[in-house]
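Visitor: take a look and give me a structure for this.
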Amino acid sequence: MKQHSLSLWLGGVLVAASVSAAHAAEFSLQQTLAAAVHYSAELSANRNQSNALNAMADSARQLPDPKLKFGIENVPVQGSNSHRFTREGMTMQRIGIMQDYVSEDKRDRKAETILAQSASSVAKAEVIRATLQRSAAQAWLDLALSQKVLTAAQKLVAETERQIGVQKATVASGSSPASSVMDIRMTLLGMQDKVTLAQRDVTLAQTRLLQLTGEQIDNARGSLPRYQRLPADPAVLEQSVGLHPEVIEAAREADVAKARSAQSAVAAKPNVGVEVYYAHRADDYDDMAGVMFTVDLPMFKSQRQDKDLAADMSRSMEANDQLALAKRERVALVRTLVAQYQAAQTLWQRQQEEILPLQRQRLSLIEAQYRSGQSTLSDLLNARRTLLDTELTANSAEKSVAETWAAIRYLTPQDENQ
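Guide: This next block holds a predicted model:
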């Protein structure tokens, strides 16, 4: 019995450990991108839409289902044979088959329109994928850089906390005023506020990743991408606008409008219906058979089909204008992102290469002066607080660089394994 209980306890521990491991995961950037694409309900809905359109295109090439027609004709409603089925020679029980024949050209044009819609749906999938990758990469970078600044802030807070014990000893010996301990505590509270904000940024990034991937990503694993430089030369980025999924989607929408115009152009072709029937009459009369034809008569084409064709042609020209507009907007977007990246990169490099080293040197100098009694505690605390603020500012600049880099890198969808 004890052995059985021990087995259950060990099993519970293993389950709890596995659940904990599942809820505390480290993902690389590539894993994050793949998880976001796999988790997306929007992409799944788009695939289902494309499958539906392809099935509709196959169906559109087929003739309509035949129709079974049956009933009773020429039943007298007056006279001595009123409401009798076998007294009047014209009364007959009729059954037949009817088939509508739609021209192959009209069916093909309809199928081509649906296939154009399917191609537009596929292009939309690439827009969704690029957006997902961009958002997931930005969230992953935000997590990695937020964890970096949190570590730096916690390190400075720990150093300041150690100073409290030293300062209490100097107060007890009478070499420092009692207010110096209060000064350290006040400075420490301000630094702890910065730590809290850094922890908030980490949590927000984790929450965003959970929303995008369905995974509880607690840590960013692996090396950071090389966001210190543009993914490509600005001229190359601008020349690649035609490959952007938004532009391709606009081109597919133009194809849909063109296909609809082609479908409207043959809408006036008449459909033909053929009916073959057999009619049974009373025993004293002969049975009958026949063939009937129905043909559409587009007598007012200028008021109907021509109007529809003109409307679809206008929509086609509108779609072409939207395509031109999409290209112009993407060119403007590329130039805007490049300008934002270059400005953010300049600010970050200045913070990283000039301001931060100076602040660290200043802190080291003041710490040495403080130990030798040449500077005050207030100077030391102020130097630490200023260094923390500078590191936060530099981290914010680095985040801006990384975020803009991801926006440029994922203007077009990338292979998740790259």
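
Visitor: how about the strands in the stretch 151-300 of the chain?
Guide: For the stretch 151-300 of the chain, applying DSSP state E, counting those that start in this stretch gives strands covering 217-220, 272-281, 288-295.

Visitor: can you say which of the ones you listed is nearest to Q192?
Guide: strand 217-220 (22.0 Å; Cβ to Cβ). The way it works is simple: take the backbone N, C-alpha and C, and place the C-beta from them, glycine included.

Visitor: output the longest helix belonging to the chain.
Guide: For the chain, the longest helix by residue count, based on DSSP state H, is helix 104-172.

Visitor: that one - contacts with which helices or strands?
Guide: Packing partners of helix 104-172 (3 or more Cβ pairs under 8 Å, 6 or more residues apart in numbering; DSSP states H and E): helix 29-39, helix 41-60, helix 179-213, strand 217-220, helix 245-265, helix 377-409.

Visitor: run the chain-centre distance for the third one.
Guide: Translated: helix 179-213. From the chain centre to the centre of helix 179-213 is a distance of 31 Å (Cα atoms, centre = their mean, to the nearest Å).

Visitor: now for it, which elements pack on it?
Guide: Where contact means 3+ Cβ pairs under 8 Å, 6+ apart, helix 179-213 is packed against helix 29-39, helix 104-172, strand 217-220, helix 377-409.

Visitor: what mean pLDDT does that helix have?
Guide: Average pLDDT, helix 179-213: 82.

Visitor: so it versus helix 104-172, what angle?
Guide: Angle between the axes of helix 179-213 and helix 104-172 is 160 degrees (criterion: axes from the mean of the first three to the mean of the last three Cα atoms, to 10 degrees).

Visitor: and for the fifth one?
Guide: Using the same axes, to 10 degrees, one finds that helix 245-265 and helix 104-172 are set 160 degrees apart in direction.

Visitor: give me the contacts around helix 245-265.
Guide: 106, 109-110, 112-113, 115-117, 119-120, 122-124, 126-127, 129-130, 241-242, 305, 308-309, 311-313, 315-316, 318-320, 322-323, 325-327, 329-330, 412-413 (Cβ atoms under 8 Å, 6 or more residues apart in numbering).

Visitor: show me which of these are buried.
Guide: 106, 109-110, 112-113, 115-117, 119-120, 122-124, 126-127, 129-130, 241, 305, 308-309, 312-313, 315-316, 319-320, 323, 326-327, 330, 412-413 (16 or more other Cβ atoms under 10 Å).

Visitor: in this protein, where is pLDDT below threshold?
Guide: 1-24, 80, 83, 85, 87, 162-184, 416-418 (pLDDT under 70).

Visitor: how about 80 then?
Guide: 1-24, 78-89, 156-157, 159-191, 370, 373, 375-382, 384, 416-418 (pLDDT under 80).

Visitor: I'd like to know how far the closest residue to A406 other than its chain neighbours sits from K327.
Guide: Counting by Cβ to Cβ, 6 or more residues apart in numbering, the nearest residue to A406 once its immediate chain neighbours are dropped is A137, at 4.1 Å. As judged by Cβ to Cβ, to the nearest Å, A137 and K327 stand 25 Å apart.

Visitor: rewinding a little: can you get me a residue count around the residue nearest to A406?
Guide: Neighbour count of A137, defined by other Cβ atoms under 10 Å: 24.

Visitor: also L156?
Guide: So L156, with other Cβ under 10 Å, has 19 neighbours.

Visitor: wait, it touches D389, no?
Guide: No - in this structure, L156 is not within contact of D389 by Cβ atoms under 8 Å, at 10.4 Å.
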